[in-house]
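> With the input below, show me the fold.
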Amino acid sequence: MGKAGSEFILRDLKMDYVYDYMLHLLTDYAKLLTFKPTIPENATAMSSEKMGCPADGLVKKFMMESMVKGPADTGPCTIPPPFAVSSIYDILSRKANSTKEVESWEKKYCDSQNF
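Numbering: from 1, shown residues only. Here you go, the predicted model:
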């Protein structure tokens, strides 16, 4: 189970989906706020390149993968469905076939027991 979870995280969980979800939450939360943010006098500008340069290994890989290179062409929360339509049909047909097979076993057993 742990190995399957790790494989899912590495293969299917993309930072784009996480950031879409975070943006959706922050946008809705921001609608509830009434204060006006201001920039402090001694603030310094930070860029994603400055933040990513000192990082190494997986940290740098994930930072570079999640770096925003431009505006998104879709709205937030456009996460694809977990299954393709064809795979859902495959699952449902396997389930139906399994049910029919078990019913035939039950019938054979009942016939052999003279029920």
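> rest of the way, CA atoms for contacts and neighbours
Fine.
> Tyr109: how many residues sit nearby?
Here the number of neighbours of Tyr109 (other C-alpha atoms under 10 Å) works out to 12.
> Now do the same for it: helix, strand or coil?
Following DSSP: H, G, I helix; E, B strand; the rest coil, we place Tyr109 in the helix state.
> Which parts of the protein are helices?
Counting by DSSP state H, the chain has helices at residues 2-11, 15-30, 48-52, 57-66, 85-112.
> Save those helices as a markdown table, and put in mean pLDDT and distance to Thr74 too.
Listed next are the helices of the chain as a markdown table, based on pLDDT from 0 to 100; distance: least, C-alpha to C-alpha, whole Å:
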| stretch | mean pLDDT | distance to Thr74 |
| --- | --- | --- |
| helix 2-11 | 74 | 22 |
| helix 15-30 | 83 | 10 |
| helix 48-52 | 67 | 22 |
| helix 57-66 | 80 | 16 |
| helix 85-112 | 89 | 22 |
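> how about those, which one is nearest Ala72?
In terms of C-alpha to C-alpha, the element of the helices of the chain nearest to Ala72 is helix 15-30, at 9.6 Å.
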